[in-house]
Every structure is written in C-alpha cells, then in structure tokens.
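# Build me a model from this:
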Amino acid sequence: MKRNYNIFPIVLAGVLAGTSFWLDHFIRGQGARPDGARRHDPDMIAEGTVQERFDATGRRQYVLKAKRFEHFPDDDSTLVDSPDLAHFGRRDPLYLVAQKSNVLQGGKEVRLIGDVRGRRDASAETQAASFRTEELTVLPDEERAYTDLPIHMTRGNSVMDGVGMELDQVEGTAVIQQVRATLQPKDKQARKP
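This next block holds a predicted model:
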C-alpha cells in the first residue's frame with residue numbers, strides 16, 4: 001500500500017490560510033469603530049446632581065446624590081463620586097454614604113466602595129442603627145444589601161463586629177457572619193423589680 005505524504009503540506013497550508021483570514025477578519029472587527037461604541041468613555045458627566053428612582057406605582061425607591069456622575073454607554077454603568085444614597089423601602093429609610101460607587105444595570109445594582117457608612121434612624125418600633133464597612137453591594141429593587149468584608153454595627157447601645165453581612169430592608173433584618181457582640185437591653189428600666 002502506497003501512502004501519499006505530499007497532500008499533508010497542502011492541507012496544512014489551507015488550514016493556516018483559513019486561520020489567518022479568520023484572525024485578520026476578527027481583529028479588524030474588534031478595532032476602533034467611528035461611533036466609539038467599543039470604547040469605555042463617558043457620554044455624560046454631571047456635577048452636583050441627584051438621581052431618583054421610582055417603582056411602577058410612582059413610589060420613590062431611592063435618591064442618590066453625588067459630587068460627580070460619569071455615565072458609560074457601553075455597559076450602562078455610572079461611576080459616582082461621594083455618593084449619598086437614601087433608600088425608601090417598606091420600613092424606615094436607610095441612608096448610605098461612601099467615597100465612590102458604581103451603579104450597574106441601569107440602577108439595579110449599586111456597589112458602594114470606600115468608608116461605607118449606613119444608618120437607620122430610631123422609630124417607635126426600632127432603635128437607631130448604624131454600620132461601617134469598606135464595600136457594600138445594594139440591590140434597590142430587591143431592597144437588599146450585602147458585603148463579605150469586615151463590618152462594625154451598632155443598634156442602640158449594642159455593638160457588633162463581624163465579617164460579612166446580609167441586610168434585608170423588607171424584613172428589617174441584618175445577618176452578620178463571624179460575629180462578636182456586646183448586646184444591651186433595649187430598655188434598662190424594664191429590668192428593675
């Protein structure tokens with residue numbers, strides 16, 4: 001049986017030519033487009049602005065104030081300098097501040113970054129509460145927030161330190177992992193005979 005080894009170089013040349021053609025076409029397609037669609041440049045920059053979001057019934061969900069907003073059309077994200085977020089859930093409002101944030105998916109996700117501080121004022125049913133961490137992801141539509149980083153939280157005179165937190169604005173709960181706490185009774189007068 002005679003084998004024809006002369007066809008191998010032809011097949012190899014054909015594969016290389018096809019690959020070169022595909023690679024050239026792919027690289028040209030990925031290059032700069034005249035409309036700037038592939039670039040991550042802001043299409044809007046605003047200073048000293050306020051962004052509000054409302055639900056389908058017209059109820060205000062949150063107000064986001066900032067020194068500076070930069071919106072990027074390629075991924076519909078917004079970088080925010082010195083964000084000040086007030087979230088109006090079904091319970092008492094939650095107020096959040098940070099050094100910066102990234103608003104993603106048209107406002108469905110807000111990542112607060114750098115010296116993140118949150119507070120909820122006291123009401124007839126609850127004591128004032130506050131927390132501090134370095135990063136917090138807020139899901140405004142779901143009225144939830146979470147972090148995997150160390151967190152310091154106070155509620156009334158109680159103090160809790162832990163790593164990781166899940167905050168549920170609807171239920172009014174905060175679940176902290178790896179917690180170390182000093183808990184004080186809500187009303188010290190209730191303990192007297």
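
# From here on, just use CA atoms for contacts and neighbour counts.
OK.

# Would you mind naming the helix or strand containing the one residue sitting closest to the centre of the chain?
Against the mean C-alpha coordinate of the chain, by Cα atoms, centre = their mean, the closest residue is residue 111 at 2.4 Å. Take DSSP states H and E as the rule and residue 111 turns out to sit in strand 109-120.

# what's that strand packed up against?
Secondary-structure packing of strand 109-120 (3 or more Cα pairs under 8 Å, 6 or more residues apart in numbering; DSSP states H and E): strand 94-97, strand 100-104, strand 129-139.

# Of the ones you listed, which is nearest residue 119?
Among the helices and strands packed on strand 109-120, strand 129-139 comes nearest to residue 119, with 4.1 Å by Cα to Cα.

# partners of the helix or strand that the closest one is followed by, with directions?
Going down the chain from strand 129-139, the next helix or strand is strand 144-155, by DSSP H and E. Strands adjacent to strand 144-155 in the sheet, as given by DSSP bridges, are strand 129-139 (antiparallel), strand 158-168 (antiparallel).

# correct me, but residue 81 touches residue 101?
Yes - using Cα atoms under 8 Å, residue 81 is in contact with residue 101, at 6.7 Å.

# Just list the residues touching the residue nearest to the centre of the chain, thanks.
Contacts for residue 111 (Cα atoms under 8 Å, 6 or more residues apart in numbering) come out as 101-104, 135-138.

# where does the chain have low pLDDT?
Applying pLDDT under 70 to the chain flags the ranges 1-38, 90, 186-193.

# mind running it again at 50?
189-193 (pLDDT under 50).

# Would you mark the buried spots in stretch 73-87?
For stretch 73-87, burial by neighbour count (16 or more other Cα atoms under 10 Å) applies to 73, 77-87.

# let me redo that: stretch 43-59
Buried residues in stretch 43-59, counting neighbours by 16+ other Cα under 10 Å, are found at residue 50.

# now do stretch 170-190
176-177.

# ok, residues contacting that stretch?
With contacts defined as Cα under 8 Å, 6+ apart, stretch 170-190 is touched by 89-91, 127, 143-144, 156-168.

# repeat for stretch 118-126
92-97, 127-132.

# Return the subset of the buried residues of stretch 73-87 lying in strands.
Using DSSP state E, the members of the buried residues of stretch 73-87 that fall within strands are 77-81, 84-87.

# Setting aside sequence neighbours, what's the nearest residue to the residue nearest to the centre of the chain?
residue 137 (4.4 Å; Cα to Cα, 6 or more residues apart in numbering).

# ok, now how distant is that neighbour from residue 97?
Note on residue 137: its distance to residue 97, by Cα to Cα, to the nearest Å, is 12 Å.

# list residues touching both of those two?
Any residue near both residue 137 and residue 97 by Cα under 8 Å, 6+ apart counts here, and that gives residue 112.

# More neighbours: which of the two?
Using other Cα atoms under 10 Å as the criterion, residue 137 and residue 97 rank with residue 97 on top: 23 against 19.

# Many thanks, I have nothing further to ask.
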